[in-house]
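Asks: quick one: sequence and predicted model below, then my questions.
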Amino acid sequence: MRQIPLGSTDIMITDYCLGTMTWGNQTPEDDAHRQMDMALDAGITIVDTAEMYPVNPVSAETVGLTETILGNWNAANPGRRGDYVLASKITGTNAKFVRPGQDITGETFTEALDASLARLRTDVIDVYQMHWPNRGSYHFRQAWTYDPSGQDREATLANMRDVLEAADRAVTAGKIRHLALSNDSAWGTAQWMRLAETHGLPRVQSIQNEYSLLCRHFDTDLAELAVNEQVTLLAYSPLGAGLLTGKYQDGALPEGSRMALNGNLGGRKTDRAFAAVAAYLALAEKHGLDPVHMALAFTVQRPFPVSTIFGATTSKQLAHTLQGLDVTLPEALLEEINTTHKAHPMPY
């Protein structure tokens with residue numbers, strides 16, 4: 001693993017990040033705590049969570065449970081909180097499972113942050129992210145019908161400034177160190193940064209968007225922004241919600257798996273996806289690589305700053321992932337991956 005800067009800050013993070021979204025649902029608390037021990041012992045220095053976790057499914061009854069589980073680990077290991085960068089998220093507009101369904105505003109930003117700090121049993125969240133923008137997003141398979149024509153630019157910018165001012169108060173109070181985005185666009189990120197610079201408010205340091213062999217939206221406009229403006233990508237779903245492991249090929253449906261729980265993997269289950277996965281599995285076999293390790297290594301070798309979030313339902317799965325975090329793909333394989341991508345672009 002490499003150490004990379006978090007955005008333009010002096011904080012260094014590993015180019016891999018432990019994800020926690022199954023903790024409290026598919027992953028029981030004792031195994032979640034075991035995963036924290038394993039990840040930190042392996043050298044991971046950033047952990048990502050969110051107030052709405054766990055997922056599969058998201059429900060009002062379980063909102064905050066993942067943060068509570070991580071908070072219990074923090075309380076049981078008081079000397080280790082400084083060993084990792086903690087990233088969490090405020091939920092945006094939603095189906096009434098949080099606050100109930102409200103947009104992110106200066107008021108809800110403060111309310112959500114205080115609740116997360118209490119659950120996490122810590123004084124500060126290092127990277128506080130907005131889970132998705134109020135104005136909507138092309139993420140979560142919404143790019144096919146994305147239509148920004150109804151947006152109110154002035155209202156959007158006014159809301160951004162309101163939230164930035166709340167973030168500034170939180171930074172001054174020592175509750176967060178840095179502000180960040182998730183599931184946002186190049187235009188949105190640029191506006192957050194422009195307003196912060198104009199008004200002397202906290203700067204966006206990272207953006208957590210989906211990125212994998214199967215989902216490469218980030219490669220164009222956002223990649224350019226990330227390089228030129230020093231915004232780190234925290235890449236989620238690097239295994240395509242498990243598709244790139246190969247475990248769902250040929251109609252397989254492992255008991256307790258994400259597909260068994262939610263059916264279509266959040267819209268990722270398509271015929272084209274299975275064809276693309278078959279092509280990537282063949283590449284991994286040709287080069288003598290584990291497909292999980294190949295898929296993850298691809299994401300951290302991109303020409304923009306990135307730390308890739310990987311999660312595991314069980315500590316056994318985590319152990320397998322950790323074995324491949326020093327894999328580096330040769331240039332010849334990267335060229336074959338790009339050729340395969342051209343043959344199977346955005347399969348979901």
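Replies: Right, received. Where do you want to start?
Asks: who's residue 127 bridged to?
Replies: Counting by DSSP bridges, residue 127 forms beta bridges with residue 87, residue 178.
Asks: now the helices for the protein?
Replies: 29-41, 65-76, 106-120, 153-172, 186-199, 221-229, 258-262, 271-286, 291-300, 315-322, 331-343 (DSSP state H).
Asks: so what's the residue count around residue 9?
Replies: 18 (other CB atoms under 10 Å). Backbone N, C-alpha and C define where each C-beta goes, glycine included.
Asks: swap in the one 3 residues further on?
Replies: In terms of burial, residue 12 registers 13 neighbours under the definition other CB under 10 Å.
Asks: how about it, what does it touch?
Replies: Neighbouring residues of residue 12 by CB atoms under 8 Å, 6 or more residues apart in numbering: 3, 4, 5, 6, 45.
Asks: contacting residues around the residue lying closest to the last one once chain neighbours are set aside?
Replies: Nearest-residue entry for residue 45: residue 14, 4.8 Å, with adjacent residues in sequence omitted and distances by CB to CB, 6 or more residues apart in numbering. Shown in contact with residue 14 (CB under 8 Å, 6+ apart): 1, 2, 3, 4, 43, 44, 45, 46, 307.
Asks: filter the contacts of residue 12 down to the buried ones.
Replies: 4, 6, 45 (16 or more other CB atoms under 10 Å).
Asks: okay if I get the helices of the chain as TSV plus distance to residue 250 and mean pLDDT?
Replies: Shown next, in TSV, are the helices of the chain (distance: least, CB to CB, whole Å; pLDDT from 0 to 100):
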stretch	distance to residue 250	mean pLDDT
helix 29-41	29	98
helix 65-76	33	98
helix 106-120	41	98
helix 153-172	46	98
helix 186-199	38	98
helix 221-229	34	98
helix 258-262	13	91
helix 271-286	8	98
helix 291-300	15	98
helix 315-322	21	98
helix 331-343	19	98
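Asks: pretty sure residue 124 contacts residue 175?
Replies: Yes - if you go by CB atoms under 8 Å, residue 124 and residue 175 touch, sitting 6.1 Å apart.
Asks: returning to that earlier point: hey, which of the helices of the chain is tucked in deepest?
Replies: Scoring those by mean neighbour count under mean count of other CB atoms under 10 Å gives helix 291-300 as the most buried, with a mean of 23.
Asks: that one to helix 271-286, inter-axis angle?
Replies: 100 degrees (axes from the mean of the first three to the mean of the last three CA atoms, to 10 degrees).
Asks: for helix 291-300, name the packing helices and strands.
Replies: Judged by 3 or more CB pairs under 8 Å, 6 or more residues apart in numbering; DSSP states H and E, helix 291-300 is in contact with helix 271-286, strand 306-310, helix 315-322, helix 331-343.
Asks: what about 10 Å?
Replies: Using 3 or more CB pairs under 10 Å, 6 or more residues apart in numbering; DSSP states H and E as the contact test, the elements touching helix 291-300 are strand 16-19, strand 232-236, helix 271-286, strand 306-310, helix 315-322, helix 331-343.
Asks: okay, the longest one in PDB with CA atoms only?
Replies: Spelled out, it's helix 271-286. Provided in PDB are the C-alpha atoms of helix 271-286 (Å, rounded to 0.1, in the frame of the first residue of the first chain):
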ATOM      1  CA  ASP A 271     -26.800  -9.300 -18.900                       C
ATOM      2  CA  ARG A 272     -24.100  -6.900 -20.100                       C
ATOM      3  CA  ALA A 273     -22.600  -6.900 -16.600                       C
ATOM      4  CA  PHE A 274     -22.200 -10.600 -16.500                       C
ATOM      5  CA  ALA A 275     -20.500 -10.600 -20.000                       C
ATOM      6  CA  ALA A 276     -18.100  -7.900 -18.800                       C
ATOM      7  CA  VAL A 277     -17.300  -9.800 -15.700                       C
ATOM      8  CA  ALA A 278     -16.500 -12.900 -17.700                       C
ATOM      9  CA  ALA A 279     -14.000 -10.900 -19.800                       C
ATOM     10  CA  TYR A 280     -12.300  -9.500 -16.700                       C
ATOM     11  CA  LEU A 281     -12.200 -12.900 -15.000                       C
ATOM     12  CA  ALA A 282     -10.500 -14.300 -18.100                       C
ATOM     13  CA  LEU A 283      -7.900 -11.500 -17.900                       C
ATOM     14  CA  ALA A 284      -7.200 -12.300 -14.300                       C
ATOM     15  CA  GLU A 285      -6.800 -16.000 -15.100                       C
ATOM     16  CA  LYS A 286      -4.500 -15.200 -18.000                       C
END
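Asks: can you give me the angle it makes with helix 331-343?
Replies: Interaxial angle, helix 271-286 versus helix 331-343 (the same axes, to 10 degrees): 170 degrees.
Asks: ok, and what's touching helix 271-286?
Replies: Applying CB atoms under 10 Å, 6 or more residues apart in numbering, the set of residues contacting helix 271-286 from outside is 212-215, 240-241, 243-251, 265, 267, 270, 289-295, 298, 329, 333, 336-337, 339-341, 343-348.
Asks: now the helices of the chain as a markdown table including distance to residue 86?
Replies: Formatted as a markdown table, these follow (distance: least, CB to CB, whole Å):
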| stretch | distance to residue 86 |
| --- | --- |
| helix 29-41 | 11 |
| helix 65-76 | 8 |
| helix 106-120 | 7 |
| helix 153-172 | 14 |
| helix 186-199 | 21 |
| helix 221-229 | 22 |
| helix 258-262 | 25 |
| helix 271-286 | 32 |
| helix 291-300 | 21 |
| helix 315-322 | 18 |
| helix 331-343 | 32 |
